Each structure stands twice: as C-alpha cells, then as structure tokens.
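1. Whatever this is, show me its structure:
(chains A, B and C)
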Amino acid sequence: MLYDGRPVELTAEQEEVASMFAIMKETDYMKKPTFLKNFWEGFKEVLGRSHVIKGLDKCDFSPIYDHLMAERDKKKALTKEEKAAIKVQKDAAEAKYKHALVDGRQEQVGNFRVEPPSLFRGRGEHPKMGKIKQRVYPRDITINIGRDAPIPEHPYPGQRWKEVRHDNTVTWLAYWRDTVNPKEYKYVWLGATSSFKAESDLLKYEKARKLKDYIDDIRKNYKRDWGSSDVRRKQMGVAVYFLDKLALRAGHEKDDDEADTVGCCTLKVENVECVPPNHIKFDFLGKDSIRYENTVDVEVPVYKAVEAFTKVDARGKRKGLRDMVFDTFDATDLNKELKALMDGLSVKVFRTYNASITLDRLLAEMEEAEDAYAGKTVDAKKADYDRANKEVAILCNHQRAVPKTHETSMAKVTEKLNAMREEIKALEEEHEAALRAKGKGKNPDAIASKLSKKMTALERAELQAAVKEDLKTVALGTSKINYMDPRITIAWCKRNEVPIEKVFNKSLLNKFHWAMDVESGFRF
DNA sequence: TTCCAGACTTGGAAAAATGTTA
DNA sequence: TAACATTTTTCCAAGTCTGGAA
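-> Residues are numbered from 1 along each chain as shown, chains lettered A, B, ... in the order given. The predicted structure follows:
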C-alpha cells in the first residue's frame, strides 16, 4: 500500500488487516466516521508505535484493492472444467465436517466453519463497526462431544481445545466468545433439517396454535385493562394490544455499545405520534435498524392512553422525547405476565401466531372467493400464494434494500412490454385487413389465434412486472422460513393440486420434512 | 428478586449457483 | 456461450427468552 504517496512494507499480520479494510472500498461503511475511527484504532495497534503510517487520511489502499480484484477476476476467468475441479476438491475436503452422529443418527451440521478474521460490520449506527474481529484458534473454542467420542483434530499443532465437554442438555457442538462483543457467544449448531431443530419448530407452531384458544380471553383482558387505574396494568394492556394487532417484537433494553433500536416495550415518546381522532403513527428503528413506519387506527381508549403515556410517567413526571412510552415494565416483566395468561406464552408467540393465522385466513379467503379454485392454473395459484405471503411479510415488517439492478432491469422490462404492445397493435391491423380482404389475403383466424397468444403473453409479462415492482422492498423469505406454519402451505398445496416444489425450494422441503404428511384439511 | 450468562431463533446482505437471454 | 437476471445458500449480526447464580 501507499502512505503519503510512497510504498510501505507491511508484515503479514499488518497486511491482513489492511486487506480487510481495502476490500470494503465500495461499501457505505467507508463514509461512516465511526467505522473509520474504530478501524484506525485497531490498525494503529497492529502497526505498532513507531510506524511510518500515522493516520488514515494519507493511506492509499488501492494497490491492495486492485490486487484483490485481480485475484477475483482470475478466479472468474477459469474455464468451466477448472472451476468444477476446484469445487470437487473443496467438497471433498469439507465432507467430513458436514455431519455429526447424534444419539446414533446422522445429522447435518449447520455452520461448521469458524468465522474468519474481518472487520465487524454492525448494522445501522453500530458503535463498534470497523473493529477488528480477531482470528479464533482451537484454544478459544469449547467443543461438545459424546463421552466416548474421540476428540476431533484441528490444524494447529501444539494447541488444545479450550475445553472438551460432554453436555447432553444443550444442542450446540462448539462455541467461542466473539472478540468484538466478548459478552456474546458464537455457536456451531446442527442444520435446520436436524431432529432437534425440527422438534422445536413443531413445538413453536403448536404453541402459536394454542394461542388461538386463549386469544379471546386475552383480548377481553387487555380491553378491560385499558380502563384500569393502575398505570402498570393499563400500560401492559396497551402493549399486549400492540403485540396482538401489530405483531411487534418484544424490545429488550440495550447497552450503549449497541445500535439504538427499539421494540414494543422500549418504544420511546419520539417513536409514536397521536394523530386525532384515533390514529397512532409509529416510526422507529427495529431489529437490524430496519425502519418501522405505520399509521394505525386504534380504539379510542388506546388513543387516549397512549396520549397520556407520552406526556407523563407513572409518578406524574413530564416525559421527554427520549423517555419510554411504557415506563412501568420491561420485556421480561411482560413475558412473566403473559405466562399467567397461557402456559409458555411469550411475546414472540404473538408474531408467529399472527403470521400463521394471517396466511391461513388469506389462502382460505382466496379459495372461497371462486368456485372451482383448484382448477385455476398453477401459476395463478402461486401468484395468490405470493400475495398472501407478501401481506404476512408486510405485517412482520420484513424489508429489504431495493436491489441495485432494479431500476435498470425495470426499464428493460418496460421497453419489452412496449414492444409487445406494438406487436399486438400491428397484428390487430393485420387482422382487420385480412377480414376486409374476405379470403383473398391471409387467413384471419390464424392471425386471431396468434393475436390471442400474444395478448396472454403480454398479460403475463405485465403481471410479472407489477409483482416485481411491488416486491422491490419486501422480503418474502423470512416469514416463509420462520413464521408461517409450513403445514398451512402444504395442506393448501394438497387441496389445490399445486406441486409443493413450486412453493418450497429444496432447503425448505428439507427443513419442513416434519410437516409433509399433514392432511389436506389442516387449518392453523 | 434481580441480574445476566447462556442458548437458541430470527434477519438482511452478499456470495454462489442456477436460469434466461441476446 | 457469455452476459445478465433471478434464486438459493451462506454468512454472521441481532434479536428473544429462560434459568440459575448472586
């Protein structure tokens, strides 16, 4: 790399850290002062005290960047055969790490690779972004194996695993402490197809289904609490209403060394606005610093209550913008309270319940809206499914960044649509002409059939384009993977003769193997 | 009774794989 | 058959929640 225009020699260790930074050249992190500051602090330490490099502003990492790009291009330029050969080798080397023997069963391992050193990429305004995530060695890692299992080897002679445990009360295979957030642990788990994961998945959905039997009472309860003179009761009543209506996350307290995000219990005065006569406007950063923006109609008592909660606290002290709306309890308290309403109930169950029951309802409504629904084309039914999926994703606020190529690819699609419309116009004229010619020219019927084919194609393409535009900021995957009971989907497929592969990809088919034999009449 | 370590689920972005088109 | 678009997989960050120590 260059410093102040002159080449600088770096040790291998220094070069590794410089490369972590260089590779991020095109990312937005480069514009963030926190990122730059944290990186410089880490880099400075690696450079040592008397190093010629004295600051980031005179550093030029582009030689490293160019080199890394050249390597990437080289890899890309390999022939198909060379790439295939490399893949075979890689797969063979990894094969033995991909499975574990658990209680006599072969189970897939999820993440078998230790996270490599890198720069921490926190989301949103994370105070630790840019810090160096150190290399993790066997001496940092605790492994969990059967009492009689041989201790697995590792590639660092002279080192030992930090600890070898035989704990059959947990499902992790290994863990280490994160070097950026030393309070946190990184685990190696079994894959999504494993018995442990499948079992807890089923349990999760069964619990959410059970909420169905309790929800009427819970609603009665919280409505009563809106009128309570006990501020805590009243606040909890409103909070549970939000969970029920909006499927918000719990929102636990966060430290100053984390991004400032909130959930239901940590909503601040600045995050809610009461808009007369009965609207509440939510605007806050939730998990992953994804913005939640939603204006909802609420019952008048809720409106009045929230208005009061944003003004003064339980002791009558005036609140500021950064004070919490619910100042009388936190997420743990709320969960404790929920346990009293239903065994095993916690905040997140509302999200699962809400997502699943919404999917179930929407699909059923679509089926009921048309006679002979099952007779629709598979494509049309799949489009219906995706629409329902989209509503669930919006409910859960699963957003994604607009794909970088969206704008250009949309322009292309529009161009194509216009070309198709032109063609149709030309065909229509040709058809008219043929009709006028009365058998002397081309066969009008042939043109008509061509025309109708084109029209269908156009309709399809228009629908596709509309869907694409519609979904540019919505992520359907998360709800499919984590929130919608797969039995709803599978039963729907069975009822309507939609091949399940149309809706679930290979991974999801595997993940949800436990749900495959559900009967077609299943309702959530 | 509170605190927080520990374990597990959920989340979007990026990379890789696959499909489509020129 | 490369170039581009789309889908799938991987990565690892960021949540939730419980139980047991203090």
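2. any idea how far the residue in the stretch 201-350 of chain A positioned nearest to DNA strand B is from residue A:153?
-> At 4.4 Å from DNA strand B, residue A:288 is the closest residue in the stretch 201-350 of chain A, using C-beta to the nearest atom of the strand. All C-beta atoms are positioned from the backbone trio N, CA, C, and that covers glycine. Distance of residue A:288 to residue A:153, given as C-beta to C-beta, to the nearest Å: 37 Å.
3. between these two, which one's more packed in?
-> Under the neighbour definition other C-beta atoms under 10 Å, residue A:288 and residue A:153 were set side by side, and residue A:288 has more, 11 against 8.
4. quick one on the thing from earlier: A helix includes the residue of the stretch 201-350 of chain A closest to DNA strand B, no?
-> Yes: the assignment for residue A:288 is a helix, going by DSSP: H, G, I helix; E, B strand; the rest coil.
5. tally of neighbours for the residue nearest to it when sequence neighbours are not counted?
-> If the residues on either side of it in the chain are set aside, residue A:288 comes closest to residue A:123, at 4.8 Å by C-beta to C-beta, 6 or more residues apart in numbering. Residue A:123: 13 surrounding residues under other C-beta under 10 Å.
6. ok so, going back, for the residue of the stretch 201-350 of chain A closest to DNA strand B, give me its contacts.
-> Taking C-beta atoms under 8 Å, 6 or more residues apart in numbering as the criterion, residue A:288 is in contact with A:123-124, A:261.
7. Quick check: it vs residue A:274, distance?
-> 27 Å.
8. how close does the nearest residue to residue A:300 once chain neighbours are set aside get to residue A:296?
-> In space, and not counting its chain neighbours, residue A:300 is closest to residue A:278: 5.6 Å by C-beta to C-beta, 6+ apart. Going from residue A:278 to residue A:296 by C-beta to C-beta gives 9 Å.
9. Next: residue A:377.
-> Note on residue A:377: its distance to residue A:296, by C-beta to C-beta, is 36 Å.
10. ok, these two, which is more surrounded?
-> When residue A:377 and residue A:296 are compared for neighbours, residue A:296 comes out ahead with 13 against 8, by other C-beta under 10 Å.
11. give me the element that one is part of.
-> Assigned by DSSP states H and E, residue A:296 falls within strand A:291-297.
12. Mind listing what's buried along that strand?
-> For strand A:291-297, the buried set under the neighbour-count rule, 16 or more other C-beta atoms under 10 Å, comprises residue A:292.
13. Partner strands of that strand and their direction?
-> strand A:279-285 (antiparallel) (DSSP bridges).
14. Alpha carbons only: can I get the strand it pairs with in CSV?
-> Below are the C-alpha coordinates for strand A:279-285, written out as CSV (Å, rounded to 0.1, in the frame of the first residue of the first chain):
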residue,chain,number,x,y,z
HIS,A,279,-54.6,7.3,14.7
ILE,A,280,-51.2,6.3,16.1
LYS,A,281,-48.2,6.9,13.9
PHE,A,282,-45.3,4.6,14.6
ASP,A,283,-41.8,5.5,13.4
PHE,A,284,-38.8,3.7,14.8
LEU,A,285,-35.8,1.6,14.0
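15. So what touches that strand?
-> By C-beta under 8 Å, 6+ apart, strand A:279-285 touches A:124, A:246, A:259-262, A:267-268, A:271-275, A:291-298, A:302-303, A:306.
16. Buried residues, that strand. List them.
-> Under the neighbour-count criterion of 16+ other C-beta under 10 Å, strand A:279-285 has A:280, A:282, A:284-285 buried.
17. Up against DNA strand B, what does the stretch 1-150 of chain A have?
-> Neighbours of DNA strand B within the stretch 1-150 of chain A, by C-beta under 7 Å from any atom of the strand: A:27, A:87.
18. so is the residue nearest to residue A:138 when sequence neighbours are not counted in a helix, a strand, or just coil?
-> Leaving aside its chain neighbours, residue A:138 sits nearest to residue A:154 (4.3 Å; criterion: C-beta to C-beta, 6+ apart). Assigned by three-state DSSP, the conformation of residue A:154 is coil.
19. next one: residue A:329
-> Of the three states, residue A:329 takes coil under three-state DSSP.
20. What's the local residue count around it?
-> The number of residues packed near residue A:329 is 18, by other C-beta under 10 Å.
21. what's near enough to touch it?
-> So residue A:329 contacts A:232, A:235-236, A:239, A:265, A:337 (C-beta under 8 Å, 6+ apart).
22. May I ask which two of those residues are separated the most?
-> A:232 and A:265 (12.4 Å; C-beta to C-beta).
23. more neighbours, those two?
-> Remark: of residue A:232 and residue A:265, residue A:265 carries more neighbours, 27 against 16, as counted by other C-beta under 10 Å.
24. so the more buried one sits in a strand?
-> No: Residue A:265: not assigned to a strand; according to three-state DSSP it is helix.
25. Put the alpha carbons of stretch A:316-328 into PDB.
-> Taking Å, rounded to 0.1, in the frame of the first residue of the first chain, the C-alpha atoms of stretch A:316-328 are listed here in PDB:
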ATOM      1  CA  GLY A 316     -46.600  12.200  37.100                       C
ATOM      2  CA  LYS A 317     -43.200  13.400  35.900                       C
ATOM      3  CA  ARG A 318     -43.200  15.100  32.500                       C
ATOM      4  CA  LYS A 319     -41.600  12.900  29.800                       C
ATOM      5  CA  GLY A 320     -39.100  13.900  27.100                       C
ATOM      6  CA  LEU A 321     -38.800  12.600  23.600                       C
ATOM      7  CA  ARG A 322     -36.200  10.000  24.600                       C
ATOM      8  CA  ASP A 323     -38.200   8.600  27.500                       C
ATOM      9  CA  MET A 324     -40.000   5.300  27.200                       C
ATOM     10  CA  VAL A 325     -43.700   5.200  26.500                       C
ATOM     11  CA  PHE A 326     -44.100   2.200  28.800                       C
ATOM     12  CA  ASP A 327     -42.200   3.200  31.900                       C
ATOM     13  CA  THR A 328     -43.600   0.700  34.300                       C
END
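26. so what pLDDT did the residue of chain A most remote from its centre get?
-> Taking C-alpha atoms, centre = their mean, the residue of chain A most remote from its mean C-alpha position is residue A:440, at 62.8 Å. Predicted confidence (pLDDT) for residue A:440: 77.
27. can you check residue A:416 too?
-> 81.
28. Count the neighbours of the nearest residue to it once chain neighbours are set aside for me.
-> In space, and not counting its chain neighbours, residue A:416 is closest to residue A:461: 6.9 Å by C-beta to C-beta, 6+ apart. Look at residue A:461: counted by other C-beta under 10 Å, it has 14 neighbours.
29. And the next helix or strand past the strand or helix carrying residue A:461?
-> Element membership for residue A:461, per DSSP H and E: helix A:444-470. Later in the chain than helix A:444-470, the nearest helix or strand by DSSP H and E is helix A:477-482.
30. helices or strands next to that following helix in the packing?
-> Helix A:477-482 is packed against helix A:378-395, helix A:506-511, with contacts defined by 3 or more C-beta pairs under 8 Å, 6 or more residues apart in numbering; DSSP states H and E.
31. now, of these, which is deepest in the fold?
-> Neighbour counts (mean count of other C-beta atoms under 10 Å) averaged over each of the helices and strands packed on helix A:477-482 peak at helix A:378-395, with a mean of 18.
32. Where helices are concerned, which of the contacts of residue A:288 count?
-> Residues of the contacts of residue A:288 located in helices (DSSP state H): none.
33. Need those residues in a markdown table (columns: pLDDT).
-> Output for the contacts of residue A:288, formatted as a markdown table (pLDDT from 0 to 100):
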| residue | pLDDT |
| --- | --- |
| A:123 | 96 |
| A:124 | 95 |
| A:261 | 96 |
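34. Go through those and say which is closest to residue A:447.
-> Residue A:447 lies nearest to residue A:123 out of the contacts of residue A:288, by C-beta to C-beta, at 56.8 Å.
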